[in-house]
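*Asks:* Got a predicted structure here, sequence first:
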Amino acid sequence: MVMRAVNDKRDFYVEVMLGIVPGHSWVQKFGKNQAVATTIVPIAIGGVYQTPTTAVTLEVISDDADDAADGTGARNIILQGLDSNWDLIEEEVATNGTSASTATSNSFIRLFRCKITKSGSYANQTASSQHLEFSSSHRAF
């Protein structure tokens, strides 16, 4: 247990980022919305962030066949988000080119980061655009 003086000027958020506040973690999010409307809604490039109402498994699909296990583009992608209990989860998915990847074993209620972790000759880059979709309905996430 850490005891501090009442007038201690330490910044709570800095201490969370340093990992010294039990039960807390820090996720930095960034982005922009080029289609700002007059109502407040979660945003994405297209203007509305597609959040599921229940946690769902996800699949990754590319516009390019080279984003596959033996391709020159993205081979593995880590998905980071929250599960149905709003706990942090992370899962690595092997890409499958223009076909859907195997569905994630975790179910996501929110997804906030995708990162290429393994690629062919493109040094952690994709050969084309990657898309995420709900495994059950194949609707874009």
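*Replies:* Cool, got the structure.
*Asks:* The nearest residue to residue 111 once chain neighbours are set aside and residue 24, how far apart?
*Replies:* Once flanking residues are discounted, residue 111 sits nearest to residue 81: 3.9 Å by CB to CB, 6 or more residues apart in numbering. Just so you know, the C-beta spots here come from the backbone N, C-alpha and C atoms, and that holds for glycine as well. As judged by CB to CB, to the nearest Å, residue 81 and residue 24 stand 18 Å apart.
*Asks:* So for these two, which sits in the more crowded spot?
*Replies:* residue 81 (23 against 12; other CB atoms under 10 Å).
*Asks:* Does residue 59 lie in a helix or a strand, and which?
*Replies:* strand 58-62 (DSSP states H and E).
*Asks:* Tell me which other helices or strands that strand touches.
*Replies:* Under the contact criterion of 3 or more CB pairs under 8 Å, 6 or more residues apart in numbering; DSSP states H and E, strand 58-62 touches strand 74-82, strand 88-94, strand 130-134.
*Asks:* can we see that at 7 Å?
*Replies:* Under the contact criterion of 3 or more CB pairs under 7 Å, 6 or more residues apart in numbering; DSSP states H and E, strand 58-62 touches strand 74-82, strand 130-134.
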